[in-house]
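> structure, please.
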Amino acid sequence: MKVPIEIPNSLPATKILENENIFVMTEYRAMHQDIRPLSVLILNLMPTKIVTETQLLRKLSNTPLQIKVELLKTASYVPHHTDPTHLDTFYRTFDEIKERKFDGMIITGAPLDYIKFEDVDYWGEMCGIMEWCKTHVHSTMHLCWGAFAGLYYYYGIPKVDLPEKLSGVYEHHVVKKNSPLFRGFDDVFYAPQSRATSVRAEDILAVDGLELMAVSEEAGVTIVKTEDSRHFFMTCHPEYDANTLAEEYRRDFEKGMNPKIPCNYFPEDDPEQTPVVRWRSTGQLIFSNWLNYYVYQSTPYDLLEIS
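Presented below is the predicted three-dimensional model:
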């Protein structure tokens, strides 16, 4: 049985996902369902809001669980790449949801590689949200910049600037092979990376309560989680579409940034060829396993009991 994700009636991602034969449920129909769906909040920090919404909703949909998804934006910084009407219609601010509790939360990445955390316009707001997560969210997944921000805020682990941007599809190795997070995984998996920042494995291993879950010889630390499974930190992008790295490469090329061709992505390293997707199953599994084993099977039935 496949149960849908519940999203706002007119969210642009709805038609995109329906055209991909993904079962989505509008708020109107969900009102007539006698079931307590998982409540998942997405703090979307990416400038391409609609693209990121669609990518994440696509991954969250591949599960027999019913999920009610809500979108969160920063109040201290107004993005300039998204129609204000879209933000006003589909997004909430922290003040609007801070009294509520959620089964799961996703904090996305942001294009802030070389900027110190304290210099980010909305860092103060981010700190408030991450502190709130401790008592109001059962399990939080931090992606890319969101992962570095979480490791820094919660554990003081510094991000390390790379000499050049890491871009491509890299081979990763599972460290904790018996973890439910990797059920269905091969010992080696592929995932996109797109960042100019990293963290040191020794800094992760030096912290009690953190587990190093997956690494890459080329890309370094990839997945970290807390021992209590309340927080997951992923430096990779298993949610990326087939053409996301290509679009990033062409954007940077057109800006005169002389970017390197993403590794292991275009056949024969030829940007004119169609990229080969080797991470789709990884993306589906990691989000499904997180939702099933670390949210659904351990979250309280009564959200008010989350602490």
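> so where's the chain shaky on pLDDT?
1-7, 9-10, 13-14, 17-18, 20-35 (pLDDT under 70).
> mind running it again at 90?
Scanning the chain for pLDDT under 90 picks out 1-37, 48, 61-66, 77-85, 187, 255-258, 297, 300-305, 307.
> in it, mark out all the strands, start to finish.
5-7, 24-26, 38-43, 67-72, 91-92, 102-107, 137-143, 160-174, 188-198, 210-216, 220-226, 231-234 (DSSP state E).
> okay if I get those strands as CSV plus distance to Glu118 and mean neighbour count?
From N, CA and C alone the C-beta is placed, and that goes for glycine too. Below are these laid out as CSV (distance: least, Cβ to Cβ, whole Å; neighbours: other Cβ atoms under 10 Å):
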stretch, distance to Glu118, mean neighbour count
strand 5-7, 35, 25
strand 24-26, 39, 18
strand 38-43, 19, 23
strand 67-72, 22, 21
strand 91-92, 25, 18
strand 102-107, 18, 25
strand 137-143, 18, 26
strand 160-174, 15, 17
strand 188-198, 15, 21
strand 210-216, 22, 20
strand 220-226, 22, 24
strand 231-234, 20, 26
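> now the ones you listed in CSV, with distance to Ile261?
Listed next are those as CSV, based on distance: least, Cβ to Cβ, whole Å:
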stretch, distance to Ile261
strand 5-7, 35
strand 24-26, 36
strand 38-43, 31
strand 67-72, 33
strand 91-92, 35
strand 102-107, 29
strand 137-143, 24
strand 160-174, 8
strand 188-198, 13
strand 210-216, 19
strand 220-226, 20
strand 231-234, 24
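> looking at the ones you listed, which is closest to Asn292?
strand 38-43 (10.0 Å; Cβ to Cβ).
> how far off centre is that closest one?
Strand 38-43 sits 11 Å away from the centroid of its parent chain (Cα atoms, centre = their mean, to the nearest Å).
> just the C-alpha atoms of it, please, in CSV.
C-alpha atoms of strand 38-43 as CSV (Å, rounded to 0.1, in the frame of the first residue of the first chain):
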residue,chain,number,x,y,z
LEU,A,38,3.5,12.4,10.3
SER,A,39,4.1,16.1,10.6
VAL,A,40,7.3,17.2,8.8
LEU,A,41,8.6,20.8,8.6
ILE,A,42,11.1,21.9,5.9
LEU,A,43,13.2,24.9,6.6
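> that strand pairs with which strands, parallel or anti?
When sheet partners are counted by DSSP bridges, strand 38-43 sits next to strand 67-72 (parallel), strand 102-107 (parallel).
> specify the angle between the last one and strand 137-143 in degrees.
The one in question is strand 102-107. Relative orientation of strand 102-107 and strand 137-143, computed by axes from the mean of the first three to the mean of the last three Cα atoms, to 10 degrees: 20 degrees.
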